[in-house]
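K.L.:
coords below, sequence missing:
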């Protein structure tokens, strides 16, 4: 991947690449355990149009800012990107269930579950009594529990990330926070798609933010599909996710509402050093993707960098893995 970026001759470098890969694998195995092959996923060589596979939709939202905020004295230094994956045929079921709650509490469905407003009790979420507010929270909890989604997320610790970039430890990763978050989320989503019993083609939805912002997200996404990553080759990305993003407004009932809530809980959890229990963290944790030992891209949530809090992160992964095994 690095040689491709530098337009180097790949054939002449094959022996060096293989030797470096062997050395890298040895070092990683010492730190993390068994390392799976970069070519571990089976491809689908036929053209996308001819596959006719059912689709899985990934709805993505974010919390925090992906750039430094020096003018904010209490900037928590965290950015989170969260994704909610649903089979295509389950999307209308979610919308119907969300509309039912909205009719019960607001008498209309032209409203969006927006986490900041719900947290502050703003606008329609300023309930007349504590009992009504509690009933609404319980209804939302039930919606999360009953919706058969799989959760993915990336929490970037911005100050530690700056130190990581300056150290030059890893030349594979992009140097932009948002691009790293998209890549790490995409790696885990593709692992989920490629190992699921039903072969589904992934399509990704982002909340529309503006022409320039949407274009940047599309560019970074396309770059990852073209270049691949240290752990997953570009051909695998191309086999399992559609090449373009869809940008949607935050309006009405849509699974992006769940991503909005999860991204905030993930933000708070990472901000608090991965030791707190945000409002619905226990519900979302039950839905986080976990395969086998949960290491090296087989767990749906990634905190980065994490070298100083890895024990806490592993504790959470083990708890989620135990919950998944119990189900």
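P.N.:
Arrived safely, thanks for sending. On a predicted model such as this, the values are computed, not experimentally measured, just so you know.
K.L.:
any weak-confidence spans in the stretch 151-300 of the chain?
P.N.:
Scanning the stretch 151-300 of the chain with the threshold set as pLDDT under 70 gives 169, 171.
K.L.:
List the buried residues of stretch 132-147.
P.N.:
Judged by neighbour count using 16 or more other Cβ atoms under 10 Å, the buried positions of stretch 132-147 are 133, 136, 139-140, 143-144, 147. C-beta coordinates here come from the backbone N, C-alpha and C atoms, glycine included.
K.L.:
I meant to write stretch 276-293 there.
P.N.:
278-281, 283-291.
K.L.:
Out of those, the closest to residue 185 would be?
P.N.:
Nearest to residue 185, judged by Cβ to Cβ, of the buried residues of stretch 276-293 is residue 289 at 10.7 Å.
K.L.:
Thought residue 194 was touching that closest one, still the case?
P.N.:
No. Taking Cβ atoms under 8 Å as the definition, residue 289 is not a contact partner of residue 194, at 12.0 Å.
K.L.:
which residues of the stretch 201-327 of the chain fall in helices?
P.N.:
Per DSSP state H, counting those that start in this stretch, the stretch 201-327 of the chain carries helices over the ranges 211-227, 234-240, 256-271, 281-285, 310-326.
K.L.:
Determine the set of other helices and strands touching the fourth one.
P.N.:
Meaning helix 281-285. Secondary-structure packing of helix 281-285 (3 or more Cβ pairs under 8 Å, 6 or more residues apart in numbering; DSSP states H and E): helix 130-146, helix 256-271, helix 310-326.
K.L.:
picking up where we left off before, now the buried residues of stretch 276-293 as TSV including distance to residue 166?
P.N.:
Below are the buried residues of stretch 276-293 laid out as TSV (distance: Cβ to Cβ, whole Å):
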residue	distance to residue 166
278	30
279	35
280	36
281	32
283	38
284	33
285	33
286	38
287	36
288	31
289	32
290	33
291	33
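K.L.:
Mean neighbour count, the helices and strands packed on helix 281-285: which tops it?
P.N.:
helix 256-271 (a mean of 25; mean count of other Cβ atoms under 10 Å).
K.L.:
Which elements pack onto that helix?
P.N.:
On a contact count with 3+ Cβ pairs under 8 Å, 6+ apart, helix 256-271 meets strand 55-63, strand 78-87, helix 115-120, helix 130-146, strand 150-157, helix 281-285.
K.L.:
Between strand 78-87 and the fourth one, find me the angle.
P.N.:
Using axes from the mean of the first three to the mean of the last three Cα atoms, to 10 degrees, one finds that helix 130-146 and strand 78-87 are set 60 degrees apart in direction.
K.L.:
Low-confidence ranges, the stretch 1-150 of the chain, go.
P.N.:
Low-confidence segments of the stretch 1-150 of the chain, defined by pLDDT under 70: 1-51, 68-76.
K.L.:
The same query, at a cut-off of 50, please.
P.N.:
Within the stretch 1-150 of the chain, the segments meeting pLDDT under 50 span 17, 19-35, 45, 50.
K.L.:
what's the neighbour count on the nearest residue to residue 88 once chain neighbours are set aside?
P.N.:
Computed as Cβ to Cβ, 6 or more residues apart in numbering, the closest residue to residue 88 that is not its neighbour in sequence is residue 55, at 4.4 Å. When neighbours are counted by other Cβ atoms under 10 Å, residue 55 registers 14.
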